[in-house]
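Undergrad: Kindly return the folded structure for what I paste below:
(chains A, B and C)
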Amino acid sequence: MAANSFDRPMRPAMEKWHLFFRNGQGVLGLILVALFFASAIFAPWLATHDPTKLDIPVRLAGPSLDHWLGTDQLGRDTYSRVLYGGRVALQVAAIGVSTSLLIGLALGMIAGYGPRWLDNALLLVFDTIRSFPTIVLSLAAVSLLGPSLNLILAVVIVTSIPGYARLARTSTLALKNSEFILAERSLGAGSTRTLAHHVMPNVIGPLLILAAMDIPVVVTIEAGLSFLGLGVLPPTASWGTILNEGYLVIRTSPWPVVAGGVPLVLATLGFTLLGEALRDVFDPKLRSQR
Amino acid sequence: MEKLLEIRSLSVDFRTPRGRVRALREVSMVVPKGKIIGVVGESGSGKSTLIWTIMRLLAVNGTVENGEILFDGGNVLEFDDNRLKGFRGEKVSMVFQDPMTSQSPVLDYRSQFTDILYRRTEMSRRERLGKAIKMMNRVGIPDSEKRIYQYPHHFSGGMRQRAGIAMALLMDPSLLIADEPTTALDVTMEAQIIHLIREARSEFGSTVMLVSHNLGLIAELCDEIVVMYAGEIVEHADAHDIFFDAKHPYTKALIACNPALDLEMEGQFPTIPGDVPDLHQSPAGCVFAPRCAFSDETCSKERPAYSISAGKHSEVVDHSVRCHLYCPDKGGKTKHDLTALSLNAAADRTRSEIAHCDEADELLSIQDLRVRFPTMGRIKALAEGVDDPFIDAVYEVSLGLRAGETLGLVGESGSGKTTLGRAIIGLNGVHSGSIKFKGSELVGLSQNQYRKVRRDVAMMFQDPVGSLSPRRTVGQLLTEPFLIHGIEKGSQRDQAARLCEMVSLPANFLSRYPHELSGGQARRVGVARALALNPALIVADEPTAGLDVSVQGEILNLMLDMQAAHGLGFLLISHNLPVIRHVCDKLAIMYLGRIVEYGDCEQVFRNPAHPYSQALVRGTPQPDPTRRRQLVSIEGEVPSLSNRPGGCEFHTRCPYSGERCKYLVPEPSLLADGRTVRCHNPLAE
Amino acid sequence: MLLYIVKRIGLSALIIFFAVLTLFALLNSIPGDPASIALGPRATPEVQAAYAEKMHLDKPIVIRFLIFAGNVVRGDLGSDVFTNRSVSHTLLEQLPYTLTLAAAALAWATLLGIPIGCLSAIRPNSWLDRLTGVISIGTIAIPSFLVSIWSILVFAIFLGWLPVIGAGDDGDIVDQLRHLILPAFAVGLGWVGYLARMVRASMLEVLGENYVRSARAFGLMNRTVVFRYALRVAILPTITLIGIGFGVLLSGTVFAEIIFSRPGLGKIIYDMVLARNFPVVQGAVLVTVALYVCVTLIADITVSLLDPRVRENL
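TA: You can find the predicted model right below:
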């Protein structure tokens, strides 16, 4: 055998990260996402004021040295409120996306690998859930149970599961009759072993990418519901509540609606760019599936 | 000799994430008018890049670094859009490898044909349609007035390729480029397409450039042959010169590696050691030097020049070869006795001895096996009034295999050979019949009971890389059989190392992932996994498909060695008849799920008794340009399983079929030499 | 083909049935007295009793579901808790506003997004492609309710060009159109980017297919190759995705209607949620679900009509 066939080629995974870092949009996305995480985690240290402390005399002020992004109609510091609002967004995104990813992965693999009737039944469930537009379902749930952060989380999880599950199902179906799965079965591997060792590692990648692209959706749902006054309740700071309170005074001071909106846009932009770059580099086939 | 197209010193690079790849390196050749010129090479030889460069349709990351392509007094590489329009499709046309993906799925043939005729502005719509229909008729598509309104997915593979040829001939091109035109087709279809290309040449006077890895196809059709290796042309000569008087060590090796159907080969398969070089680094010397048996220091340092001599078999075509052995200034080297080219031809085959030692017990015995698949959902069947929505993929099959024996299972796609193999290992449900392994029944076992069987029966799958779980290392893959069956035999690391050594893979491969392996290496891992638990029987589904000819021999040798060492029984599923002939003791030929002929392998090849066996055996193109025959090709294509012909299933295509064949299913009859044949009028006694 | 359509319609009906079931289950799974929950704390015991009577709260749950489902099938979605008006009637009044908004948003987004996607796919990595890439990702990143708020800020407050409240006077088409512009802009903006990226991606994929390369090898004109051979196939997944994404579009209209105080399903759901007028909310949710299911059905059937492979095989 020729000597060069022993030289280990560059690992494709490393090669792809290499590609990723040459993708300007992806790097920008990564930076924005890192900023989002950092500002949310370190909010208590970065904030200049207590986000709930009222200071009526300086209400509706524009940006100044003391209040970097101005104040709202109760004189609270918008900059500090935006930082703390990021914590709520991060909380919803992290819990919501990870839970629905795990449940979706499991259900999707079961649907794809299991018997036909189970697949059909699960598909019907997924389709039913998907037929409720998220906001409409949230409104219905809120009208029954009253607004709360947990309710938002529950709605987000339930409505996100079908997306992950369908993707996991499609990949599992494609893998089910692939030669390497047949090869494992021919060696005598049972379903559990096959699913855990051979199907899951090949299914989870696209799901993680979908998760990166799903985070902005989740953050937006939280902000949107809170904006409507149906999510996080005042005085807790959330980007949605900042927008809600700002909207009431939009004709007097534009600062709150801008300050509450820009971080939302930046976070959305960051995750979208990151997700798309990851997808283009690691799994270009996904493009046509979403 | 009139030049139709001339390529001068063409170099093409591809930009890849891992750097530049030089896909073509100073390629020069002449395509003479009115001839069929063949371009042969294994994967990575640059043969496809060559044709796409001629068509000016290189992928976006490819750039022509150097050279020119002369056609009609101009350089194709400098044609402007207008000139290009008159070149592509008008002067030069193409037949593609895979007719399924190369024809638009959403346009019917009428649109696709008349789109090509858009340039004929003088023709009316009706005339264009008429011309298209005429051309479809011409290539042997029956009923073309109606079928032209159909879509590609309505056509079978062979018909689709015929339509593809019709499209290519529509503008009456002066050069027809055929890119692996038969690779996606079965043997009987291949023979028909070969006929068609020959006819096209004589009728339309086209020049044909045929690109293929299949030496048989090239030998059947070509007047001149260009041999490519790693982006270079290593040899160019008349077809006879290439096959009978090859000079370049690579060409010699390539021809030697290709098992010819008619020649009996003793001993092991010859192989070319090593892999196709990594084209990321330009080799300083000869591209073949690392794998060449005759290479010395000069070969790895200096690039050889072409040495040109008069052809032995042709007065027109010179024989040019790029090898130091023939350089005039290195006169001494040609004294090497090249005829004694030792291509790892070693020990005699030991298998025949083992095969003939009688073992009373049959390892595997299959009786009247039937495997059915549903063709449609129950609701659809009900709606369409189909009361039996099933097809029989395997139909009343009976076979036997003894330890140490190799049974070949041959058939075209859709014959049910893979289904049969998978049924034995329990991957497909069985409808009826029996499969006995070492005397115990396998049909009706639960998945749990089957687990024990799987220690003794292993399977090898078609795709060497694709049959290995992509996210596991070679080490994990090799120890997996032990984990599954809970066997503790020394440390697992030792076990993996032992298996690696057995299939001669270096131990440092244990930490690699499947995609880091070449096809041959991955195949070795597959063999090692199959052998891990010391099975008694291995079902090998197309073990050499997807491998280059030079690697194929290595794998077959390995399998034969293992058989000799462990007394394994092999069930070898393949469509590659030459390989089957050289490896198998017994042979079963399948057609539409049924075994039509079954018996001693050599007898079947020498004297096929079933007309279908005859068509397969005689229809396979031979790597021998002197023996071009009117191939015994049978008409038509394999019928769909859902539309199984009555009587003898083969009667619709059988040249010998009589009245009886149309309604009476032939029972298997026993011939004097022990073969069984399902035919009313067997061709052998 | 016919079988496929029948099957697809059957599936849609099944989904709507399950949606009704889900909604019913949701309503009945809440702990406490259904009447007081549905009517809110302000309702008097008499009203509660009348409600319990009307909703057959004394009967077993299965019977109640059957009555409920039967009413839904007959188009009877119950009546308003406060005014006792027929909910179906109220919703029928609101539906056209939502449909107009959704159609207007989708129309301008499609007319702009698809050509942009095509153009950038034909010349990938050109300045045009890069520019549209940045613009489309920007439009995707701004949530539609933010677009609504910010467009009010810019076009209504700073510039004072367009009205922001309501849907315009009845009978005055010009006024209605002026009232439609901002909401339609807000709902559709993200879709421009979304569609452009979708079409670009699937065009790029199709342009790399073998049959496109063979069409070029046969010397067909670039125009023919791009539109006849590539776009015809590339548009199919986009249609499916418009169908699936219609839910997101509906969410967008909900926000737009609320922010612009525009009548419509979303506005009425929101108002009735705040007023705890549960029958109306429930009815409006069902209508939205049915709307979504119908749109995906239409999208799927359109795709199957355009693709001969699907047309015959299913």
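Undergrad: Now do the same contact list for residue 161.
TA: Because you didn't say which chain, this covers chain A. Residue A:161 makes contact with A:100, A:103, A:104, A:107, A:126, A:129, according to Cβ atoms under 8 Å, 6 or more residues apart in numbering or on different chains. No exception for glycine: its C-beta is placed from N, CA and C like everyone else's.
Undergrad: actually chain C
TA: residue C:155.
Undergrad: Got the phi and psi for it?
TA: phi -80, psi -40 (degrees, to the nearest 10).
Undergrad: what does residue C:142 give?
TA: Here residue C:142 shows phi and psi, under degrees, to the nearest 10, equal to phi -90, psi 110.
Undergrad: Find the nearest non-adjacent residue to it, please.
TA: residue A:265 (5.3 Å; Cβ to Cβ, 6 or more residues apart in numbering or on different chains).
Undergrad: Which other helices and strands does the helix or strand hosting that neighbour contact?
TA: Element membership for residue A:265, per DSSP states H and E: helix A:255-282. Using 3 or more Cβ pairs under 8 Å, 6 or more residues apart in numbering or on different chains; DSSP states H and E, the elements in contact with helix A:255-282 are helix A:12-22, helix A:24-41, helix A:78-113, helix A:200-227, helix A:239-248, helix C:127-141, helix C:144-151.
Undergrad: pLDDT averaged over it, what's the number?
TA: The average pLDDT within helix A:255-282 is 84.
Undergrad: cool, and stretch B:653-663?
TA: Averaged across stretch B:653-663, pLDDT comes to 87.
Undergrad: Any chance you could give me that stretch in PDB, C-alpha atoms only?
TA: The C-alpha trace of stretch B:653-663 is given here as PDB (Å, rounded to 0.1, in the frame of the first residue of the first chain):
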ATOM      1  CA  ARG B 653     -38.300 -12.100 -24.200                       C
ATOM      2  CA  CYS B 654     -37.200 -15.600 -25.100                       C
ATOM      3  CA  PRO B 655     -36.000 -16.100 -28.700                       C
ATOM      4  CA  TYR B 656     -36.900 -19.800 -28.500                       C
ATOM      5  CA  SER B 657     -40.300 -19.500 -26.900                       C
ATOM      6  CA  GLY B 658     -43.000 -21.700 -28.200                       C
ATOM      7  CA  GLU B 659     -46.800 -22.000 -27.800                       C
ATOM      8  CA  ARG B 660     -46.500 -24.000 -24.600                       C
ATOM      9  CA  CYS B 661     -44.300 -21.400 -22.900                       C
ATOM     10  CA  LYS B 662     -47.100 -18.900 -22.900                       C
ATOM     11  CA  TYR B 663     -49.500 -20.700 -20.600                       C
END
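Undergrad: quick one: contacts of that stretch?
TA: So stretch B:653-663 is contacted by B:188, B:611-612, B:634-637, B:646-648, B:650-651, B:680-681, B:683 (Cβ under 8 Å, 6+ apart).
Undergrad: Repeat the analysis, applying 10 Å as the threshold.
TA: B:188, B:591, B:610-612, B:614-615, B:632-639, B:645-652, B:664, B:666, B:679-683 (Cβ atoms under 10 Å, 6 or more residues apart in numbering or on different chains).
Undergrad: Flag the shaky bits of the chain, pLDDT-wise.
TA: Reading this off chain A. A:1-15, A:55, A:58-61, A:67-68, A:75, A:283-290 (pLDDT under 70).
Undergrad: Can you look at chain C instead?
TA: C:1, C:30-43, C:54-55, C:57, C:310-314.
Undergrad: Which parts of it belong to which domain?
TA: C:2-73, C:89-311 (automatic domain parsing).
Undergrad: Start and end of the shortest one, how far apart?
TA: In other words, domain C:2-73. End-to-end distance of domain C:2-73 (Cα to Cα, to the nearest Å): 24 Å.
Undergrad: my guess is residue C:14 meets residue A:128, correct?
TA: Yes - if you go by Cβ atoms under 10 Å, residue C:14 and residue A:128 touch, sitting 8.5 Å apart.
Undergrad: Comparing the two, which residue is more hemmed in?
TA: The neighbour comparison of residue C:14 against residue A:128 (other Cβ atoms under 10 Å in any protein chain shown) goes to residue A:128, with 21 against 14.
Undergrad: Find the nearest non-adjacent residue to that one, please.
TA: residue C:18 (4.1 Å).
Undergrad: tell me which residues in the helix or strand hosting that neighbour are buried?
TA: Secondary structure from DSSP H and E places residue C:18 in helix C:2-28. Neighbour counts over helix C:2-28 (16 or more other Cβ atoms under 10 Å in any protein chain shown) mark C:4, C:8, C:11-12, C:15-16, C:18-20, C:22-24, C:26-27 as buried.
Undergrad: Would you reformat these as TSV and include distance to residue C:134?
TA: As requested, the buried residues of helix C:2-28 are exported to TSV (distance: Cβ to Cβ, whole Å):
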residue	distance to residue C:134
C:4	41
C:8	39
C:11	40
C:12	39
C:15	38
C:16	41
C:18	42
C:19	39
C:20	44
C:22	41
C:23	42
C:24	47
C:26	42
C:27	46
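Undergrad: what's the closest of the residues you listed to chain B?
TA: residue C:4 (9.7 Å; Cβ to the nearest Cβ).
Undergrad: Name the stretch among the domains of chain C that sits most buried.
TA: domain C:89-311 (a mean of 20; mean count of other Cβ atoms under 10 Å in any protein chain shown).
Undergrad: Show me the helices in chain C, by range?
TA: Ranges of helices within chain C are C:2-28, C:34-39, C:45-54, C:61-73, C:87-122, C:127-141, C:144-151, C:173-207, C:210-217, C:222-223, C:232-259, C:265-275, C:278-306, C:308-313, based on DSSP state H.
Undergrad: for those helices, which one sits closest to residue B:442?
TA: Closest to residue B:442 of those is helix C:308-313 (Cβ to Cβ; 35.1 Å).
Undergrad: any idea which residue sits dead centre in the chain?
TA: You didn't pick a chain, so chain A it is. Nearest to the geometric centre of chain A sits residue A:215, at 1.3 Å (Cα atoms, centre = their mean).
Undergrad: meant chain C actually
TA: With distances taken as Cα atoms, centre = their mean, the residue of chain C nearest its centroid is residue C:250 (3.2 Å).
Undergrad: For that residue, which residues are in contact?
TA: A:132-136, C:98, C:101-102, C:187, C:265-266, C:288-289, C:291-292, C:295.
Undergrad: Let me know the closest of the residues you listed to chain B.
TA: Closest to chain B, out of all of the contacts of residue C:250 and judged by Cβ to the nearest Cβ, is residue C:295, at 23.3 Å.
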